[in-house]
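>>> How does the following fold in three dimensions:
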Amino acid sequence: MTSARRARIVLAAVVFAVLFSQVLLYPGIPALVETLGADVSPDAGGPGGDGEVSPSLDASMWFLVAEFAGYVAFVGVWGVASDVVGRRTPFVVAGALAGAVGYAALAAVPALGTVPFEGVLALRAFQGAMTIGAFSLTMTMLMDLRGGHGKNMGAAGIAIGLGAALGAPVGGQLTAVNPVAPLLAAAGLLVVVGGLVATVPDRAPGERRTWRAVLDGVRERPALTVPYAFGFVDRLTAGFFALVGTLYFQDVFGLDAAATGLMLACFFAPFALLQYPMGVLSDRIGRRVPIVAGSICYGAGILAVGAAPSVPLAATAMVAVGVLGALVAPATMALVTDLAAESERGVAMGGFNLAGSLGFLGGFLIGGTVTGTWGYDAAFLVVGGLEVLIALVAVPVFLRMSVERSRRFGGHEDRA
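Take a look at the predicted model:
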């Protein structure tokens, strides 16, 4: 096995661990925020019940928003710092270990009993600010590898998908044991991440640059706004399913946390398993068809989930959405690598993850607000429609993009 191929496997495992730890919390969010001291009485969030919005929607939304607020505030800082110093590994290790501290601190809150929910949200924001460093810069380390940009981002994508697919059902089972158990598991996983990434050679360019030079280099590539736009709306849909989808399956279909985790896995399993072959496919045929056509069909699939009248049909629609998401995601991430200069990949991927984090925030806020005001049907319509709309708006810009194929698709053999 070549060193680049081994590095791809290890880095993908790191991405998997970070996403797995994050998604562990999602199926049990309503129970977790109550355990952490949120007010989930009927007066705080609505009456709940069959077909109605859960009273824990508001607290759950802000708990998720706090993490991604930390992502938004610090993802660019991590990327610029890495590019300025010309190193990745020390920052990934620091982010992972600090993120583990954040998860452990949250797990200690019920035992302390004196931390207000506002303090819990502050801890959550700190945990997010640290975790995004480990996540974004590990993906940047995959960008630094040779072997095909689609292949490398397919490895990242399959790790993201598997982490989410397995994290959802495992998190549901852990929540059934104790609502804080996913927090403890996440803390332990991030400690493992800190040790694992230290075994991978750092292939960053190595040259020290000023932060202004790094930012100016990215600003000179406006074409990056295309993958950023698709990354934004794709993550918006993921945030929507993490919050509104979880509550929707529990409120409308009466599923418990474990069954909700399995329903989410109907999306994440095909999303994960098809990432790598779809990434290789985009190296062969280009990025346009997978991104544009895939996004339009992906939006239609979201609408189908909201329209499904039964659990089996909803699960089938979730599987279809997972397949379509696998078509879009690695091609979008690979396009960032295609367009970014080697010395600016940290901040370029940071920009992509910033757009994605804003998308997650949008999914939480838009999904939560629309659901609370007009109900679940309207929320599915708005989010699915946004996915289709951004694809249609971006088509003219995308079709005008012209980058040399050999540079764009990174078609090199694996080597150290």
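>>> how about low-confidence regions in the chain?
Counting by pLDDT under 70, the ranges of the chain that qualify are 1-2, 40-57, 147-148, 205-220, 401-416.
>>> ranges for the strands of this protein?
Counting by DSSP state E, one finds no strands in the chain.
>>> Tell me which residue lies nearest the centroid of it.
Arg235 (6.2 Å; Cα atoms, centre = their mean).
>>> For it, list the residues it contacts.
355-360, 363 (Cβ atoms under 8 Å, 6 or more residues apart in numbering). Heads up, the C-betas are built off the backbone N, CA and C, glycines and all.
>>> From Leu243, how far off is the nearest residue to Leu324 once chain neighbours are set aside?
Nearest non-adjacent residue to Leu324, counting by Cβ to Cβ, 6 or more residues apart in numbering: Tyr298, 4.1 Å away. Distance from Tyr298 to Leu243, counting by Cβ to Cβ, to the nearest Å: 19 Å.
>>> for Trp62, same thing?
10 Å.
>>> what does Tyr228 give?
Taking Cβ to Cβ, one finds Tyr228 at 22 Å from Leu243.
>>> which one of these two has more residues nearby?
Just comparing Tyr228 and Leu243: by other Cβ atoms under 10 Å the higher neighbour count belongs to Leu243, 26 against 21.
>>> In contact with the more buried one, which residues are there?
29, 57, 60-61, 64, 363-364, 367-368.
>>> ok, of those residues, which one's closest to Phe249?
Among the contacts of Leu243, Ile29 lies closest to Phe249 (Cβ to Cβ), at 12.4 Å.
>>> and the gap between the residue lying closest to the closest one once chain neighbours are set aside and Thr316?
Counting by Cβ to Cβ, 6+ apart, Ile29 lies nearest to Ser60, which is 4.6 Å off, once chain neighbours are set aside. For Ser60, the distance to Thr316 equals 26 Å [Cβ to Cβ].
>>> which one of these two has more residues nearby?
The neighbour comparison of Ser60 against Thr316 (other Cβ under 10 Å) goes to Ser60, with 28 against 15.
>>> just checking, that one touches Pro30?
Yes: when contacts are counted by Cβ atoms under 8 Å, Ser60 is listed as touching Pro30 (5.7 Å).
>>> In helices, which of the contacts of Arg235 appear?
355-360, 363 (DSSP state H).
>>> could I get these as TSV with distance to Leu24?
Compiled in TSV, these are given as follows (distance: Cβ to Cβ, whole Å):
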residue	distance to Leu24
Ala355	24
Gly356	19
Ser357	19
Leu358	23
Gly359	21
Phe360	16
Gly363	19
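>>> Which one of those residues sits in the busiest neighbourhood?
Going by other Cβ under 10 Å, Gly363 tops these with 30 neighbours.
>>> Please name the residues that touch that one.
Per Cβ under 8 Å, 6+ apart, neighbours of Gly363: 235-244, 383.
>>> cool, Leu361 as well?
Contacts of Leu361 (Cβ under 8 Å, 6+ apart): 65, 68-69, 72, 239.
>>> Please tell me how far Ala391 sits from Thr246.
26 Å.
>>> Oh, that last question was meant for Leu389, not what I typed.
Taking Cβ to Cβ, one finds Leu389 at 25 Å from Thr246.
>>> Looking at these two, which is more packed in?
Neighbours were counted for Leu389 and for Thr246 using other Cβ under 10 Å; Thr246 has more, 26 against 14.
>>> If we ignore the residues flanking it in sequence, what's nearest the more buried one?
Thr246's closest residue in space is Thr260 (Cβ to Cβ, 6+ apart), at 5.6 Å.
>>> Identify the residues contacting the one you found.
Contacts of Thr260 (Cβ under 8 Å, 6+ apart): 27, 168, 172, 246, 249-250.
>>> Tell me how many other residues crowd the closest residue in space to Tyr26 that isn't next to it in sequence.
Nearest non-adjacent residue to Tyr26, counting by Cβ to Cβ, 6+ apart: Ala242, 5.1 Å away. Using other Cβ under 10 Å, Ala242 has 24 other residues around it.
>>> Thought Leu64 was touching Ala242, still the case?
Yes: contact criterion Cβ under 8 Å: Ala242 and Leu64 qualify, at 6.6 Å.
>>> Which neighbours do these two have in common?
Joint contacts of Ala242 and Leu64 (Cβ under 8 Å, 6+ apart) are 360, 364.
>>> out of the contacts of Leu361, who has the most neighbours?
That'd be Gly239 among the contacts of Leu361, by other Cβ under 10 Å, with 28 neighbours.
>>> Do I have it right that Thr246 meets Val23?
No: applying Cβ under 8 Å, one finds Thr246 not in contact with Val23, separated by 10.8 Å.
>>> residue boundaries of the helices in the stretch 201-350 of the chain?
For the stretch 201-350 of the chain, the helices defined by DSSP state H, counting those that start in this stretch cover 211-219, 225-240, 246-252, 257-273, 275-285, 288-307, 311-339, 345-374.
>>> Any idea which of those gets closest to Trp78?
Per Cβ to Cβ, nearest to Trp78 of the helices of the stretch 201-350 of the chain: helix 345-374, 6.2 Å.
>>> Go through that closest one and flag the buried ones.
Neighbour counts using 16 or more other Cβ atoms under 10 Å place 345-368, 370-372 of helix 345-374 among the buried residues.
>>> Kindly report the same for stretch 72-85.
Result for stretch 72-85 [16+ other Cβ under 10 Å]: buried residues 72, 74-85.
>>> Just give me the neighbour total for the nearest residue to Leu184 once chain neighbours are set aside.
In this structure, Leu184 finds its nearest non-sequential neighbour in Ala107, 5.0 Å apart by Cβ to Cβ, 6+ apart. Residues within reach of Ala107, counting by other Cβ under 10 Å, total 21.
>>> So Ala107 is in contact with Ala185, correct?
No: the pair Ala107 and Ala185 does not pass the contact test of Cβ under 8 Å, sitting 9.4 Å apart.
>>> tell me the contacts of the residue nearest to Tyr26?
23, 26, 64, 360, 363-364.
>>> With Leu381 instead?
Counting by Cβ under 8 Å, 6+ apart, Leu381 has contacts 303, 306.
>>> Equivalent analysis for the one 10 residues further on, please.
Contact analysis of Ala391 by Cβ under 8 Å, 6+ apart lists 230, 291-292, 295-296, 299.
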